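Asker: Sequence and computational prediction follow.
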Protein chains: 4
Amino acid sequence: MLVVMQSHATEEQIREVCKRIESLGLKAHPMPGSLRTAIGITGNKGAIDLGILESLPGVVECIPVSKPYKLVSRDTKQEDTILRIPTPSGDVIVGGDKIALVAGPCAVETEEQCLAIAGRLKKSGVRLFRGGAYKPRTSPYSFQGLGDEGLKILSKVREKYGFNESLDLVEEYADVIQIGARNMQNFSLLKRAGRAKKPVLLKRGMSATLDEFLMAAEYVLSEGNYNVMLCERGVRTFSDFSRNTLDLAVVPAVKKRGHLPIFVDPSHGTGKRHKVLPLSRAAVAVGADGLLIEVHHEPDKALSDGMQSLLPEEFTALADEMRQIAAVLHRTIN
Amino acid sequence: MLVVMQSHATEEQIREVCKRIESLGLKAHPMPGSLRTAIGITGNKGAIDLGILESLPGVVECIPVSKPYKLVSRDTKQEDTILRIPTPSGDVIVGGDKIALVAGPCAVETEEQCLAIAGRLKKSGVRLFRGGAYKPRTSPYSFQGLGDEGLKILSKVREKYGFNESLDLVEEYADVIQIGARNMQNFSLLKRAGRAKKPVLLKRGMSATLDEFLMAAEYVLSEGNYNVMLCERGVRTFSDFSRNTLDLAVVPAVKKRGHLPIFVDPSHGTGKRHKVLPLSRAAVAVGADGLLIEVHHEPDKALSDGMQSLLPEEFTALADEMRQIAAVLHRTIN
Amino acid sequence: MLVVMQSHATEEQIREVCKRIESLGLKAHPMPGSLRTAIGITGNKGAIDLGILESLPGVVECIPVSKPYKLVSRDTKQEDTILRIPTPSGDVIVGGDKIALVAGPCAVETEEQCLAIAGRLKKSGVRLFRGGAYKPRTSPYSFQGLGDEGLKILSKVREKYGFNESLDLVEEYADVIQIGARNMQNFSLLKRAGRAKKPVLLKRGMSATLDEFLMAAEYVLSEGNYNVMLCERGVRTFSDFSRNTLDLAVVPAVKKRGHLPIFVDPSHGTGKRHKVLPLSRAAVAVGADGLLIEVHHEPDKALSDGMQSLLPEEFTALADEMRQIAAVLHRTIN
Amino acid sequence: MLVVMQSHATEEQIREVCKRIESLGLKAHPMPGSLRTAIGITGNKGAIDLGILESLPGVVECIPVSKPYKLVSRDTKQEDTILRIPTPSGDVIVGGDKIALVAGPCAVETEEQCLAIAGRLKKSGVRLFRGGAYKPRTSPYSFQGLGDEGLKILSKVREKYGFNESLDLVEEYADVIQIGARNMQNFSLLKRAGRAKKPVLLKRGMSATLDEFLMAAEYVLSEGNYNVMLCERGVRTFSDFSRNTLDLAVVPAVKKRGHLPIFVDPSHGTGKRHKVLPLSRAAVAVGADGLLIEVHHEPDKALSDGMQSLLPEEFTALADEMRQIAAVLHRTIN
């Protein structure tokens, strides 16, 4: 924390601020400048909210310096975290020189639908299957997912095709626990996921800063679960030509500050089928450790988000290109 | 819904789109223009997702026309909803020509703290007291509220000062159920609040559009609870001089589209003490039906959000001014 | 500027950063903390771009501390700037306890139109008239203003009604030079306005931060023209129910950091007629030193922005209310 | 344009709206729905602002349907525009299966600097050189570029290395006229560029929607200059970890709606050197027709934007990778 004093702050005011800082058990470092004095603070382990110093006489503002996250930071762990997700055909590796593809319908609709899509994805080499059982929807009148019934259908998909699933929040059935964008700051849920035994895929909130995103992951890690994958799925901006603005620069930024792997979801990130392929290419090129792609064999009959779902054959072509771009970066899809 | 065709769309393509629309049980209204044809759709009661038409050959885009909310709309109920919140000193009325002031600390910290603040607010004429028992915080290492213990403290405040409380999510203790910004799209919570017997104060999410805000209220109303108060508390934008950007224009916008009353929270909306008074004035002037103000008798010792809390005497001055501005608009604070 | 080092930065790296800082003629203040070292820098008068230190080994980031503006800052001038705009009926005062109302059509269309509107505004007590002669429009096919012809019409309005005008960029005709939002960072224009003899009304750019807004004013002041009025007219955000998001909290923020008066333009800030009245009330309540209101006697025939123009009689009612709200704040409209 | 009526609008009100539409020489198409009536309008060639219909009794809102741009639209020209920029070593082709790399320093500082950088870029195969002579800067106290002197230096670079330059706004010296983000809506400048004989590189404004971006290009085309290249350079959002948010999805969006080629500027789009390489990869992968990369041989001595400049050897490695990614998409760098 740095406290910036007014240019006309008195010596007395500066002393008072320092005294207050010391009274909190911290160390004050006054730095007299040509225009004004700034006071550095060291010794705060994150527990003390120093913003209140801003209301002391002579203070202009308080500037936070230390990043608030710890366990997710490269300060704590310098090398990349590499996750292994077990599947019947061997572990899928996420991170390092491996890239993972997760595909499937936005929502589980029927057993027939899931088996039809899963069968085709299997042939494209996909080893991680996704399908939403509980669908949070903006409108109470829209299809809300099949709920528990959806979970049972996913079980059958796994049985038949040896797939792993990525479900919403259901540890007992799922192999990966996905926490959606709207729940990124549902802190009790994050803590519960932190006590789960399964890897967690944490999607960035629609208006989450990078710090908030990493702090949400910190909640999970701080409860003991270190197997966290982040996921960029687009943020909300003024730009109105697509549903969200896919913020791909967050991929190198996440990797600079922390050690966790990061996915990209170009389906939700763009909301339009014709943008999924180019943004998937860009996501692999920018360094993502995995992609989440919505696939539906009959997108015009999909109960949710049909507009952004690829056809299975479009996905096959995409997966093929991803392999080539990954190769340029000396990585492989697995 | 309006389907806009490409300028070089063929007659055949236009016919195909119309056929598809009719096959869904809806009515198609083709409108040939000088440059292109647009096709209006009527008969959709909101259940059918028509975005998928966008992928048909010759279609440029689909433009939604009907607003998705119903029960919150002025189409359903033309006159303003006026709520009554029972207190020992008689009902506090929200809406119409009445404005409500809710004040108290950000977080319940100790019994002494709450009683000290409540005692002073009582003298300023405040009849609704607020205090958070469960505090969602960005960092897992910050103070998270007292939890159930906080609820018991609030009970004592009520007993002693005849206050009503505004708690987070705890129907059995609270007189008003507050749903915070981070939970605005926690749909299962919205539905549960819709089955509660208490009025609900629903805060706008940090990046919620007006439609999403009203749709969140629709979730509550659709379960049978019509006693909903909305609350603007600032949205997230590029503008970095304050924690959030208080979007006061949402007040007349909410009132034009719907019939529910709307509060403003200038404490969270600005995050800085010196902005609370001017923005409170502006909130009453723009037509808000109530204010939510954080007050702390020792803000520099507050465990959360001390930076934005007023001193009790500052609040008294504020309440006084609010009465005068309300009078210009022919309204009264109660 | 504060340089934050990595937690595992070596002593050698810290020394190197300090050496580099000293080599630039500045002073380095290393502050070893429990987690990491930060290095404060003093002595920079703003001319040296220190961001480059971020690329030195062991550095996490550079945090700017000093605000870049000087002449507009309260550090330079503690008391409010109060401007006098001469009119035939005596000076209009902007700032301090005085509030100014500026009204008129978005665009000068014809002499008849201007005289008709001006005649009615005169009766409402308006002393400053506005009308755009040059209209920047998003589309090349929209009405672009009358240009020089518009200036001559405004001259006649002044002659007949003793009004002062607020024109775009035309020093020789105008009494106030208005720099529109799209030109807020047209730096050569700002410098030219800084050498003009007339007061300048500088509108905030659509995505300008507070610092950028004040820096734009700094350009004008740095050339010798200290008569600058700022103007908030809405910023661009994700919020899509109105054309722009009026950021009223910028009013107290501008007044805390600097000494210049600030106007609010609720017509452009909202883009809808029914929002102009409530947001005008809010603007006066929040502490604005003036309002810019678009008025048209036949808004449905207006060549631009008719949707947001008030009728003259609506304006009269508005002006009346503004006087009452100003009185609550111990200010007067002049 | 579509006019949406209130659900309780009367027959009379609907008739009045239709009458008003017909009185403007347009055709009204009323569509009675189950909940409300909507009225389609055809025949508007873009010159009539219909927003004003929103103020008629019984109208909820007006929804624009037709896109306002024409010459830049695929409706006008279905095939991609392919530009040729003449250089001593033959034309550089922009668009189709060719990708162009433009590199050079942010600002022209000295002749030695430019020649040093140009010499190294030449070896990397770069054929288009960039360097700013006039630098718009947020602060009046920052380096503002060398101006005319800079132009002369660039001439020497061309003479010596056979490069083409990309300058700001100086037709007589430049081979490409670059219009920067802050000038994207400087409409008089756009029109002047529209009468120039050189190709124009038009950068997206910091908060420009896609429609505004294309409309800015429309200004240039409407004056007769069809040789326009667009350029995404990041937009302003709440996301604060990088200077701007690079909106790569705009690349496929621009190509779907229009026929002009589009560049990406990852240097300004990210503002940090370590993000330039990954975002360059992503830009080529997403389908950009060219890249604009800042290169400096001594970035820590650069007078502007050193933080985002690559070293020449970093650029060489980047160019090499770009060729490989382009090959995956069956394109070549030229």
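Answerer: Alright, I've got the coordinates.

Asker: Can you give me the buried ones in stretch A:194-214?
Answerer: Along stretch A:194-214, these residues count as buried under the neighbour rule (16 or more other CB atoms under 10 Å in any protein chain shown): A:194, A:196, A:198-214. The C-beta positions use only the backbone N, C-alpha and C, and glycine is treated the same way.

Asker: Let me see the contact set for the residue in the stretch 201-334 of chain A positioned nearest to chain B.
Answerer: Residue nearest to chain B within the stretch 201-334 of chain A (CB to the nearest CB): A:Ser207, separated by 3.5 Å. Residues in contact with A:Ser207, defined by CB atoms under 8 Å, 6 or more residues apart in numbering or on different chains, are A:235-236, B:206-207, B:236, C:238, D:238.

Asker: and A:Met31, what element?
Answerer: Under the criterion DSSP states H and E, the helix or strand holding A:Met31 is strand A:27-32.

Asker: Also compute the angle for whichever helix or strand comes after that strand relative to strand A:27-32, please.
Answerer: Elements were assigned by DSSP H and E; along the chain past strand A:27-32, the next helix or strand is strand A:37-42. Strand A:37-42 and strand A:27-32 are oriented at 160 degrees to each other (axes from the mean of the first three to the mean of the last three CA atoms, to 10 degrees).

Asker: any bit of strand A:37-42 sitting next to chain C?
Answerer: Yes. With CB under 8 Å from any CB of the partner chain as the criterion, chain C is reached by strand A:37-42 at A:38, A:40, A:42.

Asker: and the first one, what are its bridge partners?
Answerer: I take that to be A:Ala38. Beta bridges link A:Ala38 to A:Val4, A:Met31 when assigned by DSSP bridges.

Asker: right, and it touches A:Gln6 too?
Answerer: No. The pair A:Ala38 and A:Gln6 does not pass the contact test of CB atoms under 8 Å, sitting 11.1 Å apart.

Asker: And the two? Which one has more around it.
Answerer: When A:Ala38 and A:Gln6 are compared for neighbours, A:Ala38 comes out ahead with 25 against 18, by other CB atoms under 10 Å in any protein chain shown.

Asker: and the more buried one, how far is that from B:Glu54?
Answerer: Relative to B:Glu54, A:Ala38 is positioned 54 Å away (CB to CB, to the nearest Å).

Asker: before we move on, what about A:Gln185?
Answerer: Summarising the geometry, the distance separating A:Gln185 from B:Glu54, computed by CB to CB, is 32 Å.

Asker: More neighbours: these two, which one.
Answerer: Neighbour tally, A:Gln185 and B:Glu54, criterion other CB under 10 Å: the higher count belongs to A:Gln185, 23 against 18.

Asker: Report the contact partners of the closest residue to A:Pro64 other than its chain neighbours.
Answerer: Using CB to CB, 6 or more residues apart in numbering or on different chains and skipping the chain neighbours, the partner closest in space to A:Pro64 is A:Met1 (5.8 Å). Neighbouring residues of A:Met1 by CB under 8 Å, 6+ apart: A:40-41, A:44, A:50, A:53, A:62-66.

Asker: sorry, back to before: export the residues of strand A:37-42 next to chain C to TSV and tack on pLDDT?
Answerer: As requested, these are arranged in TSV below (pLDDT from 0 to 100):
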residue	pLDDT
A:Ala38	87
A:Gly40	87
A:Thr42	83
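
Asker: Among those, which one lies nearest to chain B?
Answerer: Closest approach to chain B among the residues of strand A:37-42 next to chain C (CB to the nearest CB): A:Thr42, at 17.4 Å.

Asker: Okay, the nearest residue to that closest one once chain neighbours are set aside and chain B: tell me how far apart.
Answerer: Once its chain neighbours are removed from consideration, A:Thr42 has its nearest residue in C:Gly33; the separation is 3.5 Å (CB to CB, 6+ apart). As defined by CB to the nearest CB, to the nearest Å, C:Gly33 lies at a distance of 16 Å from chain B.

Asker: Same check on A:Phe187?
Answerer: Taken as CB to the nearest CB, the spacing of A:Phe187 relative to chain B amounts to 5 Å.

Asker: ok, now which ones touch the residue lying closest to that residue once chain neighbours are set aside?
Answerer: The shortest distance from A:Phe187 to any non-neighbouring residue, by CB to CB, 6+ apart, is to B:Pro136 (5.1 Å). Residues touching B:Pro136, when contacts are defined by CB under 8 Å, 6+ apart, comprise A:185, A:187, B:144, B:180, B:182.

Asker: Just to check, the first one is in contact with A:Gly205?
Answerer: Spelled out, that is A:Gln185. Yes. Here A:Gln185 lies in contact with A:Gly205, judged by CB under 8 Å, at a distance of 6.1 Å.

Asker: Spit out the residues that contact the two alike.
Answerer: Common neighbours of A:Gln185 and A:Gly205 (criterion: CB under 8 Å, 6+ apart): A:212, A:216.

Asker: quick one, phi/psi of the residue of the stretch 1-150 of chain A found nearest chain D?
Answerer: Distances between the stretch 1-150 of chain A and chain D by CB to the nearest CB are smallest at A:Lys67, namely 10.9 Å. Backbone dihedrals for A:Lys67, given as degrees, to the nearest 10, come out at phi -70, psi 140.

Asker: That one and A:Glu218 touch, don't they?
Answerer: No. Contact criterion CB under 8 Å: A:Lys67 and A:Glu218 do not qualify, at 10.1 Å.

Asker: near chain C, which residues of the stretch 201-334 of chain A show up?
Answerer: Near chain C, when you scan the stretch 201-334 of chain A using CB under 8 Å from any CB, you find A:207, A:236-238, A:240.

Asker: B:Phe263: which of the residues you listed is nearest?
Answerer: Distances from B:Phe263 to those, taken as CB to CB, are shortest for A:Ser207 (21.2 Å).

Asker: quick check, the closest one in a helix?
Answerer: No. Counting by DSSP: H, G, I helix; E, B strand; the rest coil, A:Ser207 is not found in a helix; it is coil.

Asker: That one and A:Gln185: what is the separation?
Answerer: From A:Ser207 over to A:Gln185 (counting by CB to CB), the distance is 10 Å.

Asker: for A:Leu201, same thing?
Answerer: Note on A:Leu201: its distance to A:Gln185, by CB to CB, is 16 Å.

Asker: Helix or strand for A:Ala193, just tell me which one.
Answerer: Secondary structure here is read from DSSP H and E; on that basis A:Ala193 sits in helix A:187-194.

Asker: contacts for that helix?
Answerer: Under CB under 8 Å, 6+ apart, the answer for helix A:187-194 is A:169, A:177, A:179, A:183, A:200, A:202, A:216, A:219-225, B:136-137, B:140, B:144.

Asker: out of those, which are inside strands?
Answerer: Among these, the members falling in strands (DSSP state E) are A:177, A:179, A:200, A:202.

Asker: tally of neighbours for the second one?
Answerer: By that I understand A:Ile179. Neighbour count of A:Ile179, defined by other CB under 10 Å: 24.

Asker: Please name the residues that touch it.
Answerer: For A:Ile179, the residues meeting the contact criterion (CB under 8 Å, 6+ apart) are A:168-169, A:186, A:189-190, A:193, A:200-203.

Asker: Go again with 7 Å.
Answerer: Contacts for A:Ile179 were tallied using CB atoms under 7 Å, 6 or more residues apart in numbering or on different chains; they are A:189-190, A:193, A:200, A:202-203.

Asker: One more: the last one?
Answerer: Neighbouring residues of A:Leu202 by CB under 7 Å, 6+ apart: A:179, A:184, A:216-217, A:220, A:228, A:230-231.

Asker: picking that back up, got JSON lines for the contacts of A:Met1, with neighbour count and distance to D:Ile93 too?
Answerer: Conversion of these to JSON lines gives the following (neighbours: other CB atoms under 10 Å in any protein chain shown; distance: CB to CB, whole Å):
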{"residue": "A:Gly40", "neighbour count": "23", "distance to D:Ile93": "55"}
{"residue": "A:Ile41", "neighbour count": "26", "distance to D:Ile93": "57"}
{"residue": "A:Asn44", "neighbour count": "21", "distance to D:Ile93": "57"}
{"residue": "A:Leu50", "neighbour count": "18", "distance to D:Ile93": "57"}
{"residue": "A:Leu53", "neighbour count": "21", "distance to D:Ile93": "59"}
{"residue": "A:Cys62", "neighbour count": "21", "distance to D:Ile93": "54"}
{"residue": "A:Ile63", "neighbour count": "15", "distance to D:Ile93": "49"}
{"residue": "A:Pro64", "neighbour count": "13", "distance to D:Ile93": "49"}
{"residue": "A:Val65", "neighbour count": "20", "distance to D:Ile93": "49"}
{"residue": "A:Ser66", "neighbour count": "21", "distance to D:Ile93": "51"}
